[in-house]
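Peer 1: predicted coordinates and the sequence they were generated for:
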Number of protein chains: 4
Amino acid sequence: MIIIPKKDYDKSQLDNLVHWLEDKGLQVHQSKGENMTVLGLIGDTSKIDIDLIRSLDVVEDVKRIQEPFKNANRKFHPEDTVVDVNGAKIGGGNFQFIAGPCSVESEEQIIGIAKAVKAAGANLLRGGAFKPRTSPYAFQGLRGEGIRLLLEAKKETGLPIVTEIMDISQLPLFEEVDVLQVGARNMQNFELLKELGKLRKPILLKRGMSSTLQELVMSAEYIMAGGNTQVILCERGIRTFETSTRNTLDLCAVSVLKQMSHLPVVIDPSHATGYAKYVRPMSLAAAAAGADGLIIEVHNDPQHALCDGQQSITPEAFASLAENVKAILPYAAKRGEV
Amino acid sequence: MIIIPKKDYDKSQLDNLVHWLEDKGLQVHQSKGENMTVLGLIGDTSKIDIDLIRSLDVVEDVKRIQEPFKNANRKFHPEDTVVDVNGAKIGGGNFQFIAGPCSVESEEQIIGIAKAVKAAGANLLRGGAFKPRTSPYAFQGLRGEGIRLLLEAKKETGLPIVTEIMDISQLPLFEEVDVLQVGARNMQNFELLKELGKLRKPILLKRGMSSTLQELVMSAEYIMAGGNTQVILCERGIRTFETSTRNTLDLCAVSVLKQMSHLPVVIDPSHATGYAKYVRPMSLAAAAAGADGLIIEVHNDPQHALCDGQQSITPEAFASLAENVKAILPYAAKRGEV
Amino acid sequence: MIIIPKKDYDKSQLDNLVHWLEDKGLQVHQSKGENMTVLGLIGDTSKIDIDLIRSLDVVEDVKRIQEPFKNANRKFHPEDTVVDVNGAKIGGGNFQFIAGPCSVESEEQIIGIAKAVKAAGANLLRGGAFKPRTSPYAFQGLRGEGIRLLLEAKKETGLPIVTEIMDISQLPLFEEVDVLQVGARNMQNFELLKELGKLRKPILLKRGMSSTLQELVMSAEYIMAGGNTQVILCERGIRTFETSTRNTLDLCAVSVLKQMSHLPVVIDPSHATGYAKYVRPMSLAAAAAGADGLIIEVHNDPQHALCDGQQSITPEAFASLAENVKAILPYAAKRGEV
Amino acid sequence: MIIIPKKDYDKSQLDNLVHWLEDKGLQVHQSKGENMTVLGLIGDTSKIDIDLIRSLDVVEDVKRIQEPFKNANRKFHPEDTVVDVNGAKIGGGNFQFIAGPCSVESEEQIIGIAKAVKAAGANLLRGGAFKPRTSPYAFQGLRGEGIRLLLEAKKETGLPIVTEIMDISQLPLFEEVDVLQVGARNMQNFELLKELGKLRKPILLKRGMSSTLQELVMSAEYIMAGGNTQVILCERGIRTFETSTRNTLDLCAVSVLKQMSHLPVVIDPSHATGYAKYVRPMSLAAAAAGADGLIIEVHNDPQHALCDGQQSITPEAFASLAENVKAILPYAAKRGEV
């Protein structure tokens, strides 16, 4: 961290600051020029609050050189993290398809789709039991019953399941769930993240609609600070001014995240675009960009079901998409290659 | 709601849709032209999921005429809601100052500031006990102890207190808190909103960093659907590309929200701008724009305290600001005046 | 276009509106329900100003069904437009690499790079002669002399050249230029677009940093309304809150644009990301997403040159990238495939 | 400017950089710690391209301490600039109303409105002759004839006129125009800005829809670098995700701009909000925030005119608004007051 004091700073105030920093275990290197003084901090500055420093009367500007995260940081953990979900590995060169319906609706529905996506190449089953909905009057999911049905589908197909948790109080229901998903709206629900840090099972952490990539990694750091190292990052579109898609898929996030962090990165083209017709091109692009997996909404009857989103594709479309993705993977971008 | 079927729609599919809508208690008025058919839905469409309709194969486009919220809707409740916090009224022509430190730090600190802001004209005391922080390594607040100290300050000064709740599990600690604040990051923590809907005390609901104004009102609707009608809306800046302020304060939100809803609207200039120097101009502007109150960070010693944000102002600055705000209020914008 | 009158509209005002619309050659189909009246407009509404209609006292809301563009519209021109630049075809299944330096600096430099990118697979040479720079003190390009040097490079290598025009007054210098580029900052320089509409040579039109895709197509429509049908659309990143890349590349734009319009779409990964290290992954992703070409900054000595951007890659990196792109193209997304 | 070399930098490359910087007339102060080296540049760095420095292989990061603009910079010109338009002074404590129709339509219309707004307190007349329109099929303004009519209105009322220039080629028509307006879409039309820098008359420069405040000041710097010091900055709303207003008015821009620069700042509430009903509250707020003026769309018959926007207010509404603004001005925010 570099601190630039104001031009006409008060010397005693600056000394106070230097002492305070040294008390935090940092080495402070002062360099004084004729017109400018610069403080360079040596040591672990990840726990220093940059906004706090910036607010001081004596400080003109501060610049972080080190990132404010450690456990998730590629610099301290150069190899890719591989998350292993009952044998389905994600990251470190392992690519997985996570597929399933928006919401779990019935036993017949979820088992039917589970079989279909398994046949088409998926190794994990997704499905919403607890549904975050903008309107209090919209269907809120089958909740506990939805999780029970997902576990039935797992029993039938052997596919591990991925489903969203919305509140700490729901944790007991997730005991047998293989991957707990944190939705975009909860990416900075810090109390929930802390609880998930106490678990020892994979967490799929979605980027908030208006969160920077560094904030996403900071939320992963919350989970990892608790000792749970199995975090999968997920880009699912950000909010911009463009209205022709529901969100704007930020595909460069794959490369940026893989440089910042060693955690695997998956893409959700269904929520990112909001339209079934854009799921295929964005899936192919995600594979080419070097993603470690895709999480895709698949419904067995999107045309007639009234409770399904316009963003779900059929199992047939999913099967064809998966085949093309696999053809592209050998040519995909690899980290560090320019 | 207006539904426009595709040009070459399948008649039996359209009939299915019409029957389904009629089953929901809606009257469907079809108008067929030579080149275009339009369905007009009469009745309460607030519980119809517009995305669901749009996803149907037979549908070209859908347009909502009615808003998807009822309890918070100005149309069904033309008079302003006035929230009364132990005699401090907000809304309906009543303007209040909510002031206090970013975080509660000690008994001495919170009582000192409480006395100072009361003397300067504040009628409610704010202060963070549970602090949402981007970094797991940053100070997370005094938590339960912080609430105890706020209640001490209330005992000393008589000021009702406003403080943030971050998770359902914290609810028992908030029994004596006068106004529960929901932070921007939790605006769409729907499980929390539902619980707050069961209370019968005021909720100060902050707009999410990238939430539309309609989404803010929908979150208020979550609380109100549970029977709790005392919701105060708060604009605190949105995330944009501009970097000279921490967020971009959307002051027109005051007028837009007051047209959509009857709930009071307050402005948080401290978090919106992120700098003490911009708190005064934005407070004056908020008053002129017709806001019902201000929530402002005030610290008794911003220059020397190391745990305070750069966005806090001194009690003296707050007193001067409050005086100017009061001078502007008689000339402020009123709803409906063009 | 659907017009929804206010509930308690003035009948004579509505009649005035209907007459005015009929005078414009439109057929107006009124459907009156008990609670709602809807006007459906049949005919060419592309020249009707929707904001104007919405502003009328009698109107509650308006909804466009038809898009406000014709020449660029896929509906009226179902086959892909193929732009042919001296034999280098773009669109309709033809993929091209446009490569070259940020700025033309010297004869040696531009001829050197032209030869290198040609050898690596580029069929068109790009290079800036007129440079739009945020600062008046930054290098503004070699201007006329830069164009002369580009033409020298063309003579040496046979590569057609693509370079940016910033003002109508520069047109005479562009007589021998093969493709005129309109930069993001000039996407809505309507006077310039009109002049380019009078030419009969290809225009590469870049999306504005905060322009919607429909606005991009509307700007193409400006050019095409003048009779020049050879427009190439270019996505080059939009401005969002994310700061780890210079802009956010909106790759789904490829599919959206190809659905709206028949014009070819190319991607500029260099400006979109701002970093050489992200050019390769985003180029591969663009190819997979179905783009018709790439426009890439290549410099022969990015490490030592002081006048080159951090977003340029070496000819070697470009050659390797081009090879991978070609391997991906057979598996790329095709329009209409779900 | 602070340059932080990479940890394991190549010494000869760093020496090259230092020599190059010294050649530019800068003093380079190196401070070497055990773990970190920092270069501090002393001198005029406003002409150094920060992106260029950042791109070098040897550089880890760069941080500007000085702003990259001089003529517009408050630091080098502490007193407010006052722009005097035929006696109507803007800035330095002088507040002005600029009012008039969206487009000039006829002699009767423009003279009628000019008289009305003058009677209501406006000291300058605005009106569009050249109209930037998204659609090539929309009304493009009366162009030269529109300017002639504005000059007629000036003759009748004595009000100086403000109207938009869209291209260098139109300059001869603007000889008698008092204030040349540069629209948001042309804020970075650098060739136009350079030409306007050669004039010696006031320029009203509107912020681009997605331009940062620093970019706005950099565009003013383009004009001022040519010797024309009479620039009025105008905030007119930025593009965000919010859709209930046309743009999001960034009112804090007033304070930020006045800190960065000595130039006057006016607000355009009509284009910022897009609705007549929000013009009044945002005008009052702008006055309270410390703006130096307002530019407002006024039409004499907004209800019946078919060529007028929904954002125009009547002369009566304008008169009432102006009265309230004047009542607020004595309590408005002043620069430097915390």
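Peer 2: Now that the structure is in, tell me what you want to look at.

Peer 1: isn't there a strand covering residue A:208?
Peer 2: No: counting by DSSP: H, G, I helix; E, B strand; the rest coil, residue A:208 is not part of a strand but coil.

Peer 1: tally of neighbours for whichever residue of the stretch 51-200 of chain A sits closest to chain B?
Peer 2: Using Cβ to the nearest Cβ, the closest approach of the stretch 51-200 of chain A to chain B is made by residue A:55 at 3.1 Å. Where you see a C-beta, it was placed from the backbone N, CA and C, and this is true even at glycine. Residue A:55 is flanked by 24 other residues according to other Cβ atoms under 10 Å in any protein chain shown.

Peer 1: the closest residue to it other than its chain neighbours: how many residues sit nearby?
Peer 2: With Cβ to Cβ, 6 or more residues apart in numbering or on different chains as the measure, residue B:310 is the residue that lies nearest to residue A:55, at 3.1 Å, once sequence neighbours are left out. Per other Cβ under 10 Å, the neighbour tally for residue B:310 reads 19.

Peer 1: check the one 5 residues further on too.
Peer 2: Applying the criterion other Cβ under 10 Å, we find 21 residues in the vicinity of residue B:315.

Peer 1: check contacts around it.
Peer 2: Residue B:315 sits next to B:113, B:116, B:117, B:119, B:120, B:298, B:300 when contact means Cβ atoms under 8 Å, 6 or more residues apart in numbering or on different chains.

Peer 1: could you do residue A:107 as well?
Peer 2: Contacts of residue A:107 (Cβ under 8 Å, 6+ apart): A:149, A:152.

Peer 1: can you report phi and psi for it?
Peer 2: The phi and psi values for residue A:107, taken as degrees, to the nearest 10, are phi -60, psi -40.

Peer 1: residue A:43 now?
Peer 2: phi 130, psi -170.

Peer 1: so what pLDDT did it get?
Peer 2: According to the model's per-residue confidence, residue A:43 sits at a pLDDT of 79.

Peer 1: and the gap between it and residue A:1?
Peer 2: From residue A:43 over to residue A:1 the distance is 9 Å, taken as Cβ to Cβ, to the nearest Å.

Peer 1: just send the contacts of residue B:315 back as a markdown table, with neighbour count, secondary structure and distance to residue A:134 too.
Peer 2: What follows is those, written out as a markdown table (neighbours: other Cβ atoms under 10 Å in any protein chain shown; DSSP: H, G, I helix; E, B strand; the rest coil; distance: Cβ to Cβ, whole Å):
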| residue | neighbour count | secondary structure | distance to residue A:134 |
| --- | --- | --- | --- |
| B:113 | 29 | helix | 37 |
| B:116 | 21 | helix | 41 |
| B:117 | 28 | helix | 36 |
| B:119 | 12 | helix | 43 |
| B:120 | 20 | coil | 39 |
| B:298 | 31 | strand | 35 |
| B:300 | 19 | coil | 41 |
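
Peer 1: where do the helices sit along the stretch 1-150 of chain A?
Peer 2: Secondary structure of the stretch 1-150 of chain A (DSSP state H, counting those that start in this stretch): helices located at A:11-23, A:50-54, A:107-119, A:144-157.

Peer 1: quick revisit: measure the residue nearest to residue A:55 to residue B:100 for me?
Peer 2: With distances taken as Cβ to Cβ, residue B:310 is found 17 Å from residue B:100.

Peer 1: from the contacts of residue B:315, which single one is nearest chain C?
Peer 2: Proximity to chain C was ranked across those by Cβ to the nearest Cβ; first place goes to residue B:298, at 28.6 Å.

Peer 1: the residue most central in space within chain A and chain D, how far apart?
Peer 2: In chain A, the C-alpha nearest the mean C-alpha coordinate belongs to residue A:233, at 2.8 Å (Cα atoms, centre = their mean). With distances taken as Cβ to the nearest Cβ, to the nearest Å, residue A:233 is found 23 Å from chain D.

Peer 1: can I assume residue A:247 is in contact with residue A:241?
Peer 2: No: the criterion here is Cβ atoms under 8 Å, and residue A:247 misses it with residue A:241 at 11.5 Å.

Peer 1: who in the stretch 151-300 of chain A is up against chain C?
Peer 2: Counting by Cβ under 8 Å from any Cβ of the partner chain, the residues of the stretch 151-300 of chain A close to chain C are A:210, A:212-214, A:238, A:240-245, A:248-252, A:254-256, A:259-260, A:272-273, A:276-282, A:284-290.

Peer 1: what about the residue of the stretch 1-150 of chain A at minimum distance from chain D, how many neighbours?
Peer 2: The stretch 1-150 of chain A approaches chain D most closely through residue A:31 (2.9 Å), counting by Cβ to the nearest Cβ. The burial count assigned to residue A:31 is 19, neighbours taken as other Cβ under 10 Å.

Peer 1: how near is residue A:53 to chain C?
Peer 2: Taking Cβ to the nearest Cβ as the criterion, residue A:53 is separated from chain C by 19 Å.

Peer 1: show me the beta-bridge partners of the nearest residue to that residue once chain neighbours are set aside.
Peer 2: Computed as Cβ to Cβ, 6+ apart, the closest residue to residue A:53 that is not its neighbour in sequence is residue A:62, at 4.9 Å. Going by DSSP bridges, residue A:62 is paired in beta bridges with residue A:3.

Peer 1: which residues touch residue A:62?
Peer 2: With Cβ under 8 Å, 6+ apart as the criterion, the residues that contact residue A:62 are A:1, A:2, A:3, A:4, A:50, A:53, A:54.

Peer 1: what is the nearest of those to chain B?
Peer 2: Sorting the contacts of residue A:62 by how near they are to chain B, with Cβ to the nearest Cβ, puts residue A:54 at the top with 5.7 Å.

Peer 1: which residues touch the closest one?
Peer 2: If you count contacts by Cβ under 8 Å, 6+ apart, residue A:54 has them with A:61, A:62, B:310.

Peer 1: over to residue A:272?
Peer 2: Residues counted as contacts of residue A:272 (Cβ under 8 Å, 6+ apart) are A:235, A:236, A:237, A:245, A:246, A:247, A:248, A:249, A:282, C:252.

Peer 1: ditto for residue A:313
Peer 2: Listed by Cβ under 8 Å, 6+ apart, the contact partners of residue A:313 are A:270, A:276, A:279, A:280, A:296, A:297, A:298, A:299, A:302, A:321, C:338.

Peer 1: what does the pLDDT read for the residue nearest to the centre of chain A?
Peer 2: According to the predicted model, the pLDDT of residue A:233 comes to 98.

Peer 1: thanks a lot, see you next time.
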